[in-house]
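Q: sequence first, predicted coordinates after that:
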Amino acid sequence: MAKISLIVNGNPVNANIDPRTLLVQFLRENLRLTGTHVGCDTSQCGACVVHLDGKAVKSCTTLAVMADGHEVKTIEGLAADGGPLHPMQEAFREHHGLQCGFCTPGMIMTAVDIVRRKGNELDDHTIREELEGNICRCTGYHNIVKAIAAGARAMRGGASASQAAE
Amino acid sequence: MSATGIGASVRRKEDRRFITGAGHYTDDINRPGQVFAYFIRSPHAHAAIKSIDSKSAAAMPGVLAVLTGTELAADKIGNLICGWMIHSKDGTPMKMAAHPALASGKACHVGDAIAVVVAETLAQARDAAEKVKVDYTVLAAVADPVAAQKPGAPQIHDVAANNTIYQWHLGDAKAVDAAFKTAKHVTKLDIVNNRLVPNAIEPRAAIGDYDSGTGTFTLWNTTQNPHVARLVIAAFVGMAPEHKLRVIAPDVGGGFGSKIFIYPEEVVALWASKRVGRPVKWVCDRSEAFLSDAHGRDHVTHAEMAFDAGGKIVGLRAKTIANLGAYMSTFSSSIPTYLYATLLSGQYEIPQIYCEVDAVYTNTVPVDAYRGAGRPEATFVVERLVEVGAREMGQDPAELRRKNFVQKFPHQTPVILMYDAGDYNASLKKAMELADYKGFAKRKRESARHGKLRGIGISTYIEACGLAPSQAAGSLGAGVGLWESAEVRVNPTGSVEILTGSHSHGQGHETTFAQLVSERLGIPIENVSIVHGDTDKVQFGMGTYGSRSGAVGMSAIVKALDKVEAKAKKVAAHLLEAAEADIEFKDGKFSVAGTDKSAAWADVTLNAYVAHKFSGQELEPGLKEGAFYDPTNFTFPAGCHICEVEVDTETGSTEIVAWTAVDDFGVVINPMIVEGQVHGGIAQGVGQALCEGAVYSKDGQLMNGSFMDYSMPRANLLPTLKVATTMTKCPSNPLGIKGCGEAGAIAAPAAVINAITDAIGTEQLAMPATPSAVWSSLQKSYKLPHAA
Amino acid sequence: MYAFTFHRPQTVRQAAGLLTKNADAKLLAGGQSLLPTMKLRLASPPQILDMTLVEGLSGIELSGRALTIGAMTRHYEVNASPVVQQAIPVLAKLAGLIGDPAVRHRGTLGGSVANNDPNADYPAACLGLGATIITNKRRIKADDYFTGMFSTALEPGEIITKISFPIPKKAAYQKFRNQASRFALVGVFVAKRGSDIRVAVTGAGSNGVFRVTSFEEALKKRFSPKSLEGLTIPADGMNSDIHGSAEYRAHLVGVLARRAVAEAIGKPAA
């Protein structure tokens, strides 16, 4: 067993876990944060993307022990409890960027990370290339691309504070 | 049009839970005392199981049970079935082999479930599974459907000589032969419709929970049709009487057909739960999904189209060998027959059509419906034949299509269907304008200047959706009726719950169905809840597939709403002290004709329940109505997709540079959602055309059984899509809806391949047109995989 | 995943000690190759040595005519580093082509080079630039380091600490992705440093990354795509699988080499 302590969605978490526990398992099973999903077993689909110290990572390809001493943010922590939705979440709803919703948390976490790295003005080509590691079977990506472009613009100003907090 | 009524792009009510991570998919659900199942699957495509030694596995930490086909049989758990009877041309019924949930005596495909380990944790179950010793005698295997029928091929099931399940046909062979004799030109094609792996991003999952106190089973399951699952598991598998089995389909992360079927794992989860006395959870890994989710397509076809001197089509014939895999999945038999050959008339007036279909067993994963199911295969045959025909005869492909379009409705095709409404010229014309078809030559020259080959491809498709009149389906062999049910429960305060037998797994029913109710009852959309996916709540339903939820599911709601309105008017008459015939209902208000007397919706609903204003003997209190709606015909969505590509001749890479889709879906409830369905369908069709395709080795090993090797369409494979509609109302249902869920997947493959072959100047190109395939085709060294 | 014992060494010395004691132990760097293999139970290391806390293994340093990058430097760091972008822009670009953004946030240079996946990008950069792989024990020339697919010159107990890349005058990398995995179906790295011209190919060879000496000779005469026209490499020794035949891969090596040279001299093909 391995002792870990980390911050998840702003809250300190301590646990004693089997070292083979993946971060996604730890989030889903130990913390019951089931918004992070598992869609494949080869790090391709991106349904499991969370932020580790503010950067998008695949939680299915990260051991929970590797997050020891670090900060994790999941889809559940993107908007403050009871507060307004994150602009990227709003954009996905506004632009119908989701259908079955299963890949959506990973898409949104990836999208927020794209904005962090590439800024608020994103062209379609950039977004499509940056979605290399996220697979959606429902939407044909068309509306996801629209949503990310709009969400990126909406994140200008307002969301930069939460960005800095990551 | 109101802001939330029919025709409005209402933002989805269900989205909040999905964008905040608060959805409840099956794997998000945990039952107290839950344990985990892990399946031991055959590594061999075909092998006799000599023995299974589970002693050391059973002794591993945390292990509760290791179960095999022997225990399954001892507990009299019945086989899985295929629910659609097809008869061969000679009148004999299809040869359905036994399909036990755990293999009995032999394994018939890689991934065939042999045994299950149930343990306290998944890791323990997996660890123990490796200790189970299965002694196999490996048998010769066959994966190719053409080879499977050849003399001397390995025999998979005793019931099916030459691995042939049926030899079915449709149409008049002699009349077609005669028509071909009159032809001026005959176009011939060998076509392989590649096998696809559905890959909904949520893998399948099941939780079986047996309550020994009441003797009831509950199954949480990733299913598109919980009631059908309950019916089959009760009536055929014999797990429990129907009233002792509850099936819950919570949020489901995509289906595309693959979650229609009744699979071994859910049966085993239920059965194991009773055996170990604990809830049993099973969640599929992606690699496991490749070996256990029913695949789609997999046809090998030779097809010919005959034209007269003027370019009119005089006949079509096709011979198809359909690979159904190692067992017959739930609806597998119907896909390459009544959902395929009946669509071979396309949008065209074709006087004579004849189609023969042989369905065969192979040592591969079972094949069943996948988005479009039969109709993409038919569209591909027809649209490739027309396109190639035009090229061979030196005619403009758009013009040749127009010349042959069905113009008058209703139109009886020679292959059963009666097209009721459509305007194929309109969608073709609009698509050509939006795609700037006229400007293509200029763009082609521009591409050539950059060293690229540019091509354009049209696909004018038709589909039969809204499956379908029960009587018709029954006469064609369906084991179930294909109506839909709805119940409208009006609460005293006026809010409404709609219980529907349709099931949403991405389609947005919680929004579109509520739009219908909001408009009809004049109440805010927030006051409407859509309840689905639980057999304890919804009495019965046929589920969601075949683009049927709008045309059939919503029509059932309309029918129930009619009854609710009629009853509410009676209540309003008492409340307003007027004659029932004088009550008018509009915009959520009941008024007495010719007076200023009125009552609000909520006044009437409250009165329906308090029942103070009428005698309970005269009028029953309450306001709740149900309906079963059975349509009078299929619906016939149709349209035109135009794809434009650039091919890099050095690498063989294809880039889709433009896509135009013009579809006629009849009346559209929510344009935003409908467009989303089109986008998604196109992506799956483009996936089939450009990158997807299960590849089996000769001996039945799946060569691309993970996302590392099976190429899923990603964002950068697709362009921004231009999507538009034309509209002819569907005459066979009260809303005029035709359905939109499958159109993109049906239209797209032919559009892509027509475009690439236009670019590269050879028809010798099979799907998927990967860079290496296109390059090989350009080298003229390309050989089609095989032909019937 | 099979159970394992988890160690978090603080120094290279400690890690090397553990590695020597436990022959089957595996170093865990970013985990982007190792963890998927372990998840599928294709690898079952009894001990995992997590290198995260080991000091002095990451960082990018420019000194004279070489760029030295710590083994634990993650792909995104190389991709985003102004120092790398300035000194060897193609290396930054190549790092940005590995996997996907989330993978690049975890994956490391040392992990990739130690693994030597036959379809990985970094081996092409190492061989193409004539890098030196620096371990806790010695310095290994890239030409001597890559010994076959998933096979390297690393000895038991040997740990890559950094890699030193000589700065080329001109260099470019052309990657043709496997549609499914996004690894290189074929990737060609070309570099020119004085008279040293290198053409390194990943993805194509059945024995891992390799140099194409015939192309190098042709480019020595004139460093131009024209010099490669008509040149091919034999399909023998190329990988052949469902993603492409040996002939196709051999063909792509020529195409991508020409395109890389064009890019390197600032005249990319359309």
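A: In hand now; what should we look at? Numbers count the residues shown, from 1 in each chain, chains lettered A, B, ... in the order given.
Q: check contacts around B:H169.
A: Counting by C-beta atoms under 8 Å, 6 or more residues apart in numbering or on different chains, B:H169 touches B:K89, B:Y354, B:C355, B:E356, B:V357. Where C-beta positions appear, they are placed from N, C-alpha and C, glycine not excepted.
Q: please apply the same query to B:A715.
A: A:I127, A:R128, A:E129, A:L131, A:E132, A:N134, A:C136, A:Y141, A:I144, A:V145.
Q: those also near chain B: which ones?
A: Among these, the ones lying near chain B by C-beta under 8 Å from any C-beta of the partner chain are A:I127, A:R128, A:E129, A:L131, A:E132, A:N134, A:C136, A:Y141, A:I144, A:V145.
Q: which helix or strand contains the last one?
A: A:V145 belongs to helix A:142-154 when assigned by DSSP states H and E.
Q: for that helix, give the mean pLDDT please.
A: Mean per-residue pLDDT for helix A:142-154: 98.
Q: what is the burial count for B:A234?
A: 18 (other C-beta atoms under 10 Å in any protein chain shown).
Q: A:L78 too?
A: 25.
Q: residue contacts, it?
A: A:H86, A:M88, A:Q89, A:I108, A:M109, A:V112, B:T20.
Q: and the nearest residue to B:F405 once chain neighbours are set aside, how close does it get to B:A431?
A: Closest residue in space to B:F405, ignoring its immediate chain neighbours: B:Y424 at 4.3 Å, by C-beta to C-beta, 6 or more residues apart in numbering or on different chains. Separation of B:Y424 from B:A431 (C-beta to C-beta, to the nearest Å) stands at 11 Å.
Q: give me the common contacts of these two.
A: B:C640.
Q: can you tell me the SS state at A:N16?
A: strand (DSSP: H, G, I helix; E, B strand; the rest coil).
Q: burial measure for it, as a count.
A: Using other C-beta under 10 Å, A:N16 has 8 other residues around it.
Q: now do the contacts for it.
A: Contacts of A:N16 were listed using C-beta under 8 Å, 6+ apart, and they are A:M1, A:A2, A:K3, A:I4.
Q: that one pairs with what?
A: Note on A:N16: beta-bridge partners by DSSP bridges are A:K3.
Q: tell me what the residue lying closest to B:G550 once chain neighbours are set aside is bridged to.
A: Distance criterion C-beta to C-beta, 6+ apart; nearest residue to B:G550, sequence neighbours excluded, is B:I737 at 4.3 Å. Note on B:I737: beta-bridge partners by DSSP bridges are B:G666.
Q: B:A551 is in contact with B:I737, correct?
A: Yes. Taking contacts as C-beta atoms under 8 Å, B:I737 lies within contact range of B:A551: 4.7 Å.
Q: for these two, list the residues in contact with both.
A: B:G466, B:T635, B:G666, B:C730.
Q: got a list of contacts for the helix holding A:V145?
A: In contact with helix A:142-154 (C-beta under 8 Å, 6+ apart) are residues A:87-92, A:94-98, A:107, A:111-112, A:114-115, A:118-124, A:127-128, A:131, A:136, B:675-676, B:679, B:715, B:718, B:720-721.
Q: now, of the residues you listed, which are buried?
A: A:87-92, A:94-98, A:107, A:111-112, A:114-115, A:118, A:122, A:124, A:127-128, A:131, A:136, B:675-676, B:679, B:715, B:718, B:721 (16 or more other C-beta atoms under 10 Å in any protein chain shown).
Q: and the helix holding A:V145, how far from the chain's centre?
A: 15 Å (C-alpha atoms, centre = their mean, to the nearest Å).
Q: contacting residues for A:C45?
A: Residues in contact with A:C45 (C-beta under 8 Å, 6+ apart) are A:G39, A:C103, A:G106, A:N134, A:I135, B:I201, B:R286, B:F707, B:M712.
Q: those residues also near chain C: which ones?
A: Near chain C, by the rule C-beta under 8 Å from any C-beta, you find A:N134, B:F707, B:M712 out of the contacts of A:C45.
Q: the spatially most central residue of chain A and C:A102, how far apart?
A: By C-alpha atoms, centre = their mean, chain A has its centre lying nearest to A:M109, at 2.5 Å. Between A:M109 and C:A102 the computed distance is 9 Å (C-beta to C-beta).
Q: and C:R13, by the same measure?
A: 32 Å.
Q: no more questions from me, cheers.
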